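1. dropping a prediction and its sequence here:
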Amino acid sequence: MLSINDIFTVRKDLVDIIDVRNDKLSSINNHNLRVSEMSVKLAAAIGFPPEDINQVLIGSYLHDIGKIFLENDILQGDQPLSMIQKEEILRHTRLGHSYLNGVSGLDKAKEIILYHHERVDGKGYPDGLVGSEIPLHVRIVSICDSYDAMTSYRAYKPRKMTHEEAIKELTNYSGTQFDAELVEIFINQFNISYSNN
């Protein structure tokens, strides 16, 4: 199974694909690394072959790459986002996908970048995909991305959630926002991980 060391190795390989010196990307690197680590573990737990795990690794690490095109006040502001700013945020999935459009061999990774905010009930973006229309590797990253967003500090949020609160939130939205079977596997995997820490 791939480890966090593999993520750092892949991160070095990505220098040729993206400008990792970009300050905006640096500000989201820690989030990306945590999401990558969880996504790889979840993909391995459901039996993904190594080549697909590698796509999950790259796609989850780059899932927010489109945010480098957004204004700093959207990414780093400490006030609730305006309606216009929220609309700008919605563009980051298409911007990121377009940015890597010419890179070959990353088809599944690029799907993660484009679709990681889709919901199984069809109320996500950018295309309103429903259920199994959302590729499995994307549904994996969506859960891990949401969990990390809930349990991490964000300037525009009053506080971060505890592990238990985030698990409850995942459970509450299981079958609507998230794939119900994957949520169950995630909870089994990461409750074990946290109880061993």
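-> Nice, thanks for sending it over. Please read all numbers here as calculations on a predicted model, not as lab measurements. Numbering: from 1, shown residues only.

2. how many residues are close by Asn191?
-> Asn191 is flanked by 13 other residues according to other CB atoms under 10 Å. From N, CA and C alone the C-beta is placed, and that goes for glycine too.

3. for it, give me the pLDDT.
-> pLDDT, Asn191: 80.

4. give the buried residues for the one helix or strand it maps to.
-> Under the criterion DSSP states H and E, the helix or strand holding Asn191 is helix 180-195. By neighbour count on 16 or more other CB atoms under 10 Å, the buried set for helix 180-195 is Leu182, Val183, Phe186, Ile187, Gln189, Phe190.

5. list the helices and strands that helix packs on?
-> Packed against helix 180-195 by the contact rule (3 or more CB pairs under 8 Å, 6 or more residues apart in numbering; DSSP states H and E) you find helix 23-45, helix 136-151, helix 163-172.

6. looking at it, Gly175 is touching Arg139, isn't it?
-> No: with contact defined as CB atoms under 8 Å, Gly175 and Arg139 do not form a contacting pair (11.9 Å).

7. so for these two, which residues contact both of them?
-> Each of Val120 lies in contact with both Gly175 and Arg139 under the rule CB atoms under 8 Å, 6 or more residues apart in numbering.

8. ok, those two, which is more surrounded?
-> It is Arg139, of Gly175 and Arg139, that has more neighbours when counted by other CB under 10 Å, with 23 against 14.

9. which of the buried residues of helix 180-195 sits closest to Leu33?
-> Distance from Leu33 was checked for each of the buried residues of helix 180-195 by CB to CB. The minimum falls on Phe190, at 15.9 Å.
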